[in-house]
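Asker: sharing a sequence plus its predicted fold:
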Amino acid sequence: FGGTVTNPTTLIGTVNAPNLSFTHGNLVNATRYYYRVIAVDMADLESAYSDEVIGVPRNPQAITFAAIPTKTYGDADFALQATTNASLPITYSSSNTNVATIINGQLHIVGAGTAQITANQAGNIEWFPAEAKSQTITVQKRNLLVTATGAPKVYDGGVAATVNLADDRIAEDDLQLTYR
């Protein structure tokens, strides 16, 4: 017996020994179905109803995750491009947070190296969880440009001179200069 209400009394099929399975087709995803079973012996005597079993059919889903292009330390944050056939939101994680982290769904480059970026989707009442997909990101080192400009100096017999330095480092990076 089965249906979409509790304690169903609608006969949806019979199974004869030795077969012990029944397939209920044409179900609607995310709809709760209730089932109960009775046994009938050769003398046509019926058992009591079994405990109720609940089933909710769901669709499989798959993640598509395109390769991530090589980046350079200092590049701007960017959106990752994984999708599912269910159009559900994707979450991401990084295997190496010294190279890349995920901030508000965007990939943020932290340093040079490689990391596996994994896309996940947990599913919902209509969709099974998707199998996680990973892509490797390679982040190259960034060349640092330091410019030294001497300030005009009038020779006054002293040995002190002024040099102005400029660089294009990333704001949170330290720069240590040595002179001789």
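Answerer: Now that the structure is in, tell me what you want to look at.

Asker: for the least confident helix or strand in the chain by mean pLDDT, which strands pair with it and how are they oriented?
Answerer: Of the helices and strands making up the chain, the lowest-confidence element is strand 163-167, at a mean of 78, by mean pLDDT, DSSP states H and E. The strands beside strand 163-167 in its sheet (DSSP bridges) come out as strand 146-150 (antiparallel).

Asker: that older thread, contacts for the least confident helix or strand of the chain next, please.
Answerer: 144-151, 175, 177 (CB atoms under 8 Å, 6 or more residues apart in numbering). Bear in mind the C-beta positions are built from the backbone N, C-alpha and C, glycine included.

Asker: tell me the one of those residues nearest Thr138?
Answerer: Minimum distance to Thr138 across the contacts of strand 163-167 is 19.5 Å, recorded for Leu144 (CB to CB).

Asker: just checking, that closest one touches Asp168?
Answerer: Yes - counting by CB atoms under 8 Å, Asp168 is a contact partner of Leu144 at 6.8 Å.

Asker: flag every buried residue along the least confident helix or strand of the chain.
Answerer: By 16 or more other CB atoms under 10 Å, strand 163-167 has no buried positions at all.

Asker: roughly how far out does it sit from the chain middle?
Answerer: Chain-centre distance of strand 163-167: 44 Å, with CA atoms, centre = their mean, to the nearest Å.

Asker: same thing with stretch 99-115?
Answerer: 14 Å.

Asker: give me the buried positions along it.
Answerer: 99-102, 107, 109-113, 115.

Asker: need the contact list for Thr10.
Answerer: Counted by CB under 8 Å, 6+ apart, Thr10 has contacts 1-3.

Asker: secondary structure added to those, as TSV?
Answerer: Output for the contacts of Thr10, formatted as TSV (DSSP: H, G, I helix; E, B strand; the rest coil):
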residue	secondary structure
Phe1	coil
Gly2	strand
Gly3	strand
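
Asker: any low-confidence regions in this protein?
Answerer: The chain contains residues with pLDDT under 70 at 180.
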